[in-house]
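A.B. asks: Next input, structure requested:
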Amino acid sequence: MLNSRRIVVVLPAYNAEKTLEMTYAEIPFEHVDHVLLVDDASRDRTAQVAERLGIKTIVHDRNKGYGANQKTCYRAALDLGADIVIMVHPDYQYTPKLITAMAAMIAYGEFDAVLGSRILGIGALKGGMPLYKYVANRVLTLVENLLLSHKLSEYHTGYRAFSRQVLEQLPLDANGDDFVFDNQMLAQIIWHGYRIGELSCPTKYFEDASSINFRRSVIYGLGVLGTALEFRLARMGLIRSGRFTPRNDQAAAQ
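C.D. replies: All right, here's what the predicted structure looks like:
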């Protein structure tokens, strides 16, 4: 708990048996109230390792995708009474040591969402990010900043923190169940005018860390561009989108 705000860490997991314990060991339990893992039907012993560590675990009956995993994570975290939810990948690509700093940026009222950015600073390539992913990240971020009329150092990090209000108000079920969910959710946060903070996060690519292949990276990139274009056209009033609902429509639905 931080500034009387309950903090829940969620771990969307798939085949994280080899890295889960390293990730868990770095969680700052002096401030974290609950840790929750959702296992997306892993083919390894991820769920068993989680249960051995005493982590509250939910197991999908089939593989539903990274976005669907997050939807389950956020619903369960809100059910636990979370005021702040922090997503950490259990593949140890992002150090949990930054959880307290990220939570504080929300707990003390400065931001509604916080991103751990691998691009702030100079460590992305030194940390092992493949050159093609670095270049794609920079190009996609430039396009998104233009189409979303915002300014972030990157839109593609998986290290994120959200206030309860953000998770309760965004129409997350309108988003996809695959990797593009991350990007669609971030665009929704900007659409609704929430404040996004960033802090520098070390980059760690290594053999046991999960990483999508080139083909899925291309599919993800096209989904990112489609999301940004959808946002722009909805903002201009040229299309209607369930993902980007006009504020008066949202108020009427409540």
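A.B. asks: what's the burial count for residue 111?
C.D. replies: Applying the criterion other C-beta atoms under 10 Å, we find 20 residues in the vicinity of residue 111. C-betas here are computed from N, CA, C, even on glycine.
A.B. asks: Figure out the helix or strand that it lives in.
C.D. replies: With elements delineated by DSSP states H and E, residue 111 resides in a region that no helix or strand encompasses.
A.B. asks: same thing with the one 3 residues further on?
C.D. replies: Using DSSP H and E, the element containing residue 114 is strand 113-117.
A.B. asks: Return that strand as CSV; C-alpha atoms alone will do.
C.D. replies: What follows is strand 113-117, C-alpha atoms only, in CSV (Å, rounded to 0.1, in the frame of the first residue of the first chain):
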residue,chain,number,x,y,z
ALA,A,113,-1.2,5.7,-16.0
VAL,A,114,2.6,5.1,-16.1
LEU,A,115,4.8,3.4,-18.7
GLY,A,116,8.2,1.9,-18.1
SER,A,117,10.0,3.1,-21.2
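A.B. asks: how about that strand: buried residues?
C.D. replies: Neighbour-count burial for strand 113-117 flags 113-117 (criterion: 16 or more other C-beta atoms under 10 Å).
A.B. asks: Which member of those residues is positioned nearest residue 105?
C.D. replies: Distances from residue 105 to those, taken as C-beta to C-beta, are shortest for residue 114 (4.8 Å).
A.B. asks: And that closest one, what's its pLDDT?
C.D. replies: At residue 114, the pLDDT value in this model is 98.
A.B. asks: List the contacts of it.
C.D. replies: Contacts of residue 114 were listed using C-beta atoms under 8 Å, 6 or more residues apart in numbering, and they are 102, 105-106, 160-161, 196-199.
A.B. asks: That one pairs with what?
C.D. replies: residue 161, residue 197 (DSSP bridges).
A.B. asks: Tell me where this protein has strands.
C.D. replies: Chain-ordered strands for the chain, with DSSP state E as the definition, fall at 7-13, 34-39, 56-59, 84-87, 113-117, 160-163, 196-200.
A.B. asks: what mean pLDDT does the longest one have?
C.D. replies: Strand 7-13 comes out with an average pLDDT of 98.
A.B. asks: who does it pair up with?
C.D. replies: strand 34-39 (parallel), strand 84-87 (parallel).
A.B. asks: what does the longest one rub up against?
C.D. replies: The contact list for strand 34-39 (C-beta under 8 Å, 6+ apart) reads 6-14, 20, 24, 27, 46-47, 50, 55-60, 69, 72-73, 76-77, 80, 82, 90.
A.B. asks: before we move on, back to that, just the strands paired with strand 7-13: most buried one?
C.D. replies: Looking across these with neighbours counted as mean count of other C-beta atoms under 10 Å, the highest average goes to strand 84-87: a mean of 26.
A.B. asks: can you give me the mean pLDDT across that strand?
C.D. replies: Along strand 84-87, the predicted local confidence has a mean pLDDT of 98.
A.B. asks: same check, this time on stretch 146-161
C.D. replies: In this model, stretch 146-161 has a mean pLDDT of 95.
A.B. asks: And that stretch, end to end?
C.D. replies: Distances were taken as C-alpha to C-alpha, to the nearest Å; on that basis the terminal residues of stretch 146-161 are 24 Å apart.
A.B. asks: How many residues are close by the closest residue to residue 12 other than its chain neighbours?
C.D. replies: With C-beta to C-beta, 6 or more residues apart in numbering as the measure, residue 69 is the residue that lies nearest to residue 12, at 4.0 Å, once sequence neighbours are left out. The number of residues packed near residue 69 is 26, by other C-beta under 10 Å.
A.B. asks: how far away is residue 69 from residue 158?
C.D. replies: Distance from residue 69 to residue 158, counting by C-beta to C-beta, to the nearest Å: 11 Å.
A.B. asks: Residue 62 now?
C.D. replies: The spacing between residue 62 and residue 158, counted by C-beta to C-beta, is 22 Å.
A.B. asks: got it, and residue 67?
C.D. replies: Distance, residue 67 to residue 158, by C-beta to C-beta: 12 Å.
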